[in-house]
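> What follows is a predicted structure for the sequence shown.
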Amino acid sequence: MSLPASTSSFVSPAQARMVELLGTLAPGEGYTHSALDGVKFMRTNVSIARVPVMYEPSIVIVAQGRKRGFLGSQAFIYDAQHYLVLSVPLPFECETEATPQEPMLAISIRIDLSVIAEILMTLNDTRGPMDSEPRAVYATPLDRTLSDAVLRLLESLASPHDARILGPSIVREICYRVLTGSQGDMIRAALTHQDHFGRIAKALRRIHTGFADNLDIPTLAREAGMSPAVFHAQFKAVTETSPMQYVKTTRLHQARLLMMQNGLNVSAAATRVGYESASQFSREFKRLFGLSPVDDVKRLRGDDLPPTRADATATQAKRNAPRHFTTE
């Protein structure tokens, strides 16, 4: 399905109100944390070419603008008509469409598996294994019921008292709506370990809690209850990458956060995420992000840097990006 030439479309009163609220709640570019743990706002004022990102298990609802994600051969769009759900922590590539007049505005809600488990128990969910393996990420049309719940959440987050009293129950409602919708099976599968997807989801959580450990395929496969060969094949089916490449990517993204948020230098960040060699870390970092660790941090902090070959490559990648999306 090809994309329209413009992201402009009919804006409902509810969507217009979402945009108004997010414009206030997310005054600066990047992420803004809300009064609720696990809920944050996203704002981008200009278009951003295809770049590597790492998302935690989350529900992402875009009120204005458009984001396009790429995972291997898959391409998916999340915009004012489609929301994104990731049931497992996942590195992929993403590009953003936005302008200063119409910035990309979104809300991200972390999927708390303990809340999902409680909802499933309340529903007395006793369904058996699914007929087919779910995917790790979906983009789905946003229906009115979910849209109304998101609007009520944004309204509550605009008031500290409402956020504290009403916010958690609305987040739980949003999780319930997603869980009982078309994407619910993949979240349920990520919570259980009865099928391949659930076992890989367990391995992904293991990697994200112990990325600095000495991880290898035999250890991860044994903990997932699979043979190394089956584990490798199923891991790649879910994430579109190999287990050890996933470990490496996770370490690099975590090191990037440590340098940005905690002010660690390159050597300290490399050691913290499990690298023995700072030079190897720097080489692999530049291969993933297109810049050295020092230059990447400078750019993220807004320091002026001259255009690089990586910028030209990213721009060309955006021009060549597939113009279709998948919804399930």
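It's in. Here the structure is a predicted model, which means the values were calculated and not measured.
> mind giving me the domain split of this protein?
Domain assignment for the chain, taken from automatic domain parsing, gives 13-190, 194-308.
> Just the terminal-to-terminal distance for the longest one.
Read it as domain 13-190. Using CA to CA, to the nearest Å, the span of domain 13-190 from its first residue to its last is 35 Å.
> would a markdown table of the domains of the chain with mean pLDDT and mean neighbour count be doable?
Using the backbone N, CA and C atoms, a C-beta is placed for each residue, glycine as well. As requested, these are exported to a markdown table (pLDDT from 0 to 100; neighbours: other CB atoms under 10 Å):
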| stretch | mean pLDDT | mean neighbour count |
| --- | --- | --- |
| domain 13-190 | 89 | 18 |
| domain 194-308 | 89 | 17 |
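> ok, the closest residue to G225 other than its chain neighbours - contacts?
In space, and not counting its chain neighbours, G225 is closest to R199: 6.0 Å by CB to CB, 6 or more residues apart in numbering. By CB atoms under 8 Å, 6 or more residues apart in numbering, R199 lies in contact with 193, 224-226, 234.
> could you redo the last one with a cut-off of 10 Å?
Going by CB atoms under 10 Å, 6 or more residues apart in numbering, R199 touches 189, 192-193, 221, 223-226, 230-231, 234-235, 238.
> immediately after the lengthiest helix in the chain, which helix or strand?
The longest helix of the chain (DSSP state H) is helix 243-261. Using DSSP states H and E, the helix or strand that follows helix 243-261 in sequence is helix 266-272.
> C-alpha coordinates for that following helix, CSV please?
The C-alpha atoms that make up helix 266-272 are tabulated as CSV, following Å, rounded to 0.1, in the frame of the first residue of the first chain:
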residue,chain,number,x,y,z
VAL,A,266,33.6,6.5,26.1
SER,A,267,35.9,4.1,28.1
ALA,A,268,33.6,4.0,31.1
ALA,A,269,30.5,3.5,29.0
ALA,A,270,32.2,0.7,27.1
THR,A,271,33.2,-1.1,30.3
ARG,A,272,29.8,-0.6,31.9
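> Which elements pack onto that helix?
helix 243-261, helix 278-289, helix 293-300 (3 or more CB pairs under 10 Å, 6 or more residues apart in numbering; DSSP states H and E).
> Dump the ones you listed to CSV, plus distance to L36.
CSV is the format used below for the helices and strands packed on helix 266-272 (distance: least, CB to CB, whole Å):
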stretch, distance to L36
helix 243-261, 19
helix 278-289, 30
helix 293-300, 25
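> Now do the contacts for M42.
With CB under 10 Å, 6+ apart, M42 has these contacts: 22, 26, 29-32, 60-63, 65, 67, 96, 103-108.
> scratch that, P91
Here P91 is in contact with 52-55, 71, 239-241, 245-246, 248-250, 252-253, 288 (CB under 10 Å, 6+ apart).
> now stretch 60-70: how far from the chain's centre is it?
Put simply, stretch 60-70 sits 11 Å off its chain's centre (CA atoms, centre = their mean, to the nearest Å).
> What ranges does the stretch 1-150 of the chain have for its helices?
When assigned using DSSP state H, counting those that start in this stretch, the helices of the stretch 1-150 of the chain occupy the ranges 13-25, 113-123, 144-157.
> Any chance of JSON lines for those, columns distance to S47?
As requested, those are exported to JSON lines (distance: least, CB to CB, whole Å):
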{"stretch": "helix 13-25", "distance to S47": "18"}
{"stretch": "helix 113-123", "distance to S47": "34"}
{"stretch": "helix 144-157", "distance to S47": "24"}
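> of these, which approaches F41 most closely?
F41 sits nearest to helix 13-25 of all those, at 5.1 Å, using CB to CB.
> where does E20 sit relative to H253, distance-wise?
E20 sits at a distance of 32 Å from H253 (criterion: CB to CB, to the nearest Å).
> er, P293 actually
The value you get for P293 to H253, if CB to CB is used, is 12 Å.
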